[in-house]
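Enquirer: coordinates only, no sequence provided:
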């Protein structure tokens, strides 16, 4: 595990991004700045605290963990499905191809959990009939393992068009994804998730659920965005899950839920000013992200310096059309 003092010392410098002159940099998504040119894009992972509306507090090395862990997963699932990655020339940088993103996000769930209004447990607990078009067994408790992993698709779009609950039948009937491609998407998602569960189990973790974003390059299905990171996936500690679950406690995890619970403890309910996490919370979250990286990959996490502008220019130039 990385020295927590090093994490603490890096806090003042964590919120940063490298800007390339003349390339029209624009922030897109939650953890990356995108530099566009025809047919190519340079994704620069930055150390932003993401996945929470309007939070911009800095988490040291977070962007590097997301970038490097995603690159590791892309490599280890390439025999199942391709990806958009061309190169990872720096811990902060992924050079990727433009992809035609599918208008559907694919969430695979191995356990029934969550607290949002789209979470499978929330709908099940409210008595919603066949949430996401699924036939679930009666008598499930929150955080129970599901008999088999299930797919709960949602729309991916702009304001008012995002996170709309869908069934697989609706994905096809509304023309969001054509039937043959949707069947392939589901098959790929379940296989990548199965592989993620196996690797997590070997690392003493449980891969609870995850979000996949997929797209097309020249008509070929590919994974895009992040894969099996603590931002895109929920991980629980396997050693304590059974005891936590039996006692009705929320299982201990290595993901962004740690900060969500802290925000809730501060009275934040999604509206108004967002409390800035103090240094001890920041250090703990960074340590958990790094721990997830090291346990899943079996590699020591080595922080990289923020890339110099010349380094990024060199990476981009290598893939000019």
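Expert: Thanks, I have it. Model, not experiment: these values are computed from the prediction.
Enquirer: any chance you could map the helices in the chain?
Expert: Assigned by DSSP state H, the chain shows helices spanning 4-10, 62-77, 120-125, 168-173, 179-202, 238-246, 257-265, 279-297, 309-317.
Enquirer: low-confidence stretches in the stretch 151-300 of the chain?
Expert: 157-162 (pLDDT under 70).
Enquirer: looking at the helices of the chain, which is buried most?
Expert: helix 62-77 (a mean of 23; mean count of other C-beta atoms under 10 Å). Using the backbone N, CA and C atoms, a C-beta is placed for each residue, glycine as well.
Enquirer: mind giving me the packing neighbours of it?
Expert: strand 40-45, strand 85-90, strand 93-97, helix 179-202, helix 279-297 (3 or more C-beta pairs under 8 Å, 6 or more residues apart in numbering; DSSP states H and E).
Enquirer: could I get the pLDDT score of residue 14?
Expert: Residue 14 carries a pLDDT value of 69.
Enquirer: quick one: contacts for the residue positioned nearest the centre of the chain?
Expert: Against the mean C-alpha coordinate of the chain, by C-alpha atoms, centre = their mean, the closest residue is residue 232 at 1.6 Å. Contacts here follow C-beta atoms under 8 Å, 6 or more residues apart in numbering; on that basis residue 232 touches 210-211, 225-226.
Enquirer: again, only this time at 7 Å
Expert: 210-211, 226 (C-beta atoms under 7 Å, 6 or more residues apart in numbering).
Enquirer: nearest spatial neighbour of it, skipping sequence neighbours?
Expert: Excluding the flanking residues, the one nearest residue 232 by C-beta to C-beta, 6 or more residues apart in numbering is residue 226, at 4.3 Å.
Enquirer: the one you found touches residue 66, doesn't it?
Expert: Yes - in this structure, residue 226 is within contact of residue 66 by C-beta atoms under 7 Å, at 5.8 Å.
Enquirer: any stretches of the stretch 1-150 of the chain with poor pLDDT?
Expert: 1, 14-58.
Enquirer: hmm, try it at 50
Expert: 19-29, 51, 53-54, 56 (pLDDT under 50).
Enquirer: nearest residue to residue 81 other than its sequence neighbours?
Expert: Residue 81 sits nearest to residue 188 (C-beta to C-beta, 6+ apart), 4.6 Å away.
Enquirer: nope, residue 119 is what I meant
Expert: Closest to residue 119 by C-beta to C-beta, 6+ apart is residue 113, at 7.0 Å.
Enquirer: ok, that neighbour - how many residues close by?
Expert: Residues lying near residue 113 (other C-beta atoms under 10 Å) number 22.
Enquirer: for it, what are phi and psi?
Expert: phi -150, psi -170 (degrees, to the nearest 10).
Enquirer: residue 241 is in contact with that one, correct?
Expert: No - using C-beta under 7 Å, residue 113 is not in contact with residue 241; the gap is 11.4 Å.
Enquirer: partners of residue 107 in the sheet?
Expert: residue 152, residue 211 (DSSP bridges).
Enquirer: surely it touches residue 152?
Expert: Yes - counting by C-beta under 7 Å, residue 107 touches residue 152, with 4.8 Å between them.
Enquirer: OK, contacts around the closest residue to residue 266 other than its chain neighbours?
Expert: Distances taken as C-beta to C-beta, 6+ apart put residue 275 closest to residue 266, at 4.6 Å, once the chain neighbours are dropped. By C-beta under 7 Å, 6+ apart, the contact list for residue 275 reads 263, 266, 268.
Enquirer: of all those, which comes closest to residue 217?
Expert: residue 263 (37.4 Å; C-beta to C-beta).
Enquirer: measure the residue nearest to the centre of the chain to residue 144 for me?
Expert: 22 Å (C-beta to C-beta, to the nearest Å).
Enquirer: what of residue 279?
Expert: Relative to residue 144, and taking C-beta to C-beta, residue 279 is found at 36 Å.
Enquirer: do residue 220 as well
Expert: Residue 220 is 37 Å from residue 144, by C-beta to C-beta.
Enquirer: one more: residue 198?
Expert: For residue 198, the distance to residue 144 - C-beta to C-beta - is 20 Å.
Enquirer: cool, and residue 210?
Expert: 18 Å.
Enquirer: cool, and residue 167?
Expert: 22 Å.
Enquirer: picking that back up, is it possible to get CSV of the helices of the chain that adds distance to residue 102?
Expert: Below are the helices of the chain laid out as CSV (distance: least, C-beta to C-beta, whole Å):
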stretch, distance to residue 102
helix 4-10, 36
helix 62-77, 17
helix 120-125, 21
helix 168-173, 9
helix 179-202, 7
helix 238-246, 32
helix 257-265, 26
helix 279-297, 26
helix 309-317, 26
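Enquirer: go through those helices and name the closest to residue 103.
Expert: Nearest of the helices of the chain (C-beta to C-beta): helix 168-173, 9.2 Å.
Enquirer: before we move on, the earlier item: ok, residue 220 and residue 144, which is more surrounded?
Expert: Neighbour totals were compared for residue 220 and residue 144, and residue 144 leads with 15 against 10 (other C-beta under 10 Å).
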